[in-house]
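Novice: just need the structure, nothing else, for what follows:
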Amino acid sequence: MTKPQGATNVDVAVVRAACEVNLFGLIQTTTTLLPLVLKSSKPNILNISTDMASNTHQAHPGRYHLVAYNTSKAAANSYTIALASELKGKAIVNALTPGFTTTKLNGYATGPGAKTAEEAAVLIAKWVLEEEKSGLFIGPDGNEFPW
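Specialist: You can find the predicted model right below:
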């Protein structure tokens with residue numbers, strides 16, 4: 001990120017751009033594809049999130065804050081909760097954070113506990129193909145994570 005993302009110096013245009021992709025894009029894609037999803041034999045919507053969107057984790061001292069990114073993803077989590085509530089009994093709806101994953105987004109950064117995209121995909125596939133629970137935020141270990 002080349003522009004500041006602190007709470008007191010973030011450029012609102014950066015927040016808007018992040019929300020355009022992570023929130024508005026998510027909502028538009030979901031509402032556009034929802035009629036097809038609901039025709040599936042196992043309707044399932046899995047939104048990819050981040051631990052940085054967990055309000056519980058953001059509230060801990062010393063956490064890294066990228067205000068535009070964290071805010072846009074936290075808003076997407078809120079949308080996921082509303083969607084799960086509205087589609088209860090009709091579709092499985094969850095958010096999932098695969099944890100720190102080495103991708104183009106982070107410059108293919110590596111470090112302790114970093115996952116490859118393939119490792120993250122295994123967790124994602126499990127929740128799309130096998131699980132029946134809905135309305136959850138799933139963490140990198142496959143267990144429920146705090147919103």
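Novice: spatially speaking, which residue is in the middle of this structure?
Specialist: Central residue of the chain (Cα atoms, centre = their mean): residue 49, 1.3 Å from the mean position.
Novice: ok, for that residue, nearest residue in space, not its chain neighbours?
Specialist: residue 95 (4.3 Å; Cβ to Cβ, 6 or more residues apart in numbering). (C-beta placed from N, C-alpha, C; glycine too.)
Novice: part of a strand, is the one you found?
Specialist: Yes: membership of residue 95 in a strand is supported by DSSP: H, G, I helix; E, B strand; the rest coil.
Novice: distance of it from residue 108?
Specialist: According to Cβ to Cβ, to the nearest Å, residue 95 and residue 108 sit 24 Å apart.
Novice: which of those two has more neighbours?
Specialist: Taking neighbours as other Cβ atoms under 10 Å, residue 95 and residue 108 compare with residue 95 leading, 28 against 10.
Novice: give me the pLDDT for the more buried one.
Specialist: We have a pLDDT of 98 for residue 95.
Novice: neighbours around residue 89, how many?
Specialist: Residue 89: 5 surrounding residues under other Cβ under 10 Å.
Novice: how about the secondary structure of it?
Specialist: Classification of residue 89 using three-state DSSP returns coil.
Novice: then residue 47?
Specialist: Quick answer, by three-state DSSP: residue 47 is strand.
Novice: relative to residue 138, how far out is it?
Specialist: Taking Cβ to Cβ, one finds residue 47 at 10 Å from residue 138.
Novice: need the overlap of contacts for those two.
Specialist: By Cβ atoms under 8 Å, 6 or more residues apart in numbering, residue 47 and residue 138 have these common neighbours: 94-96.
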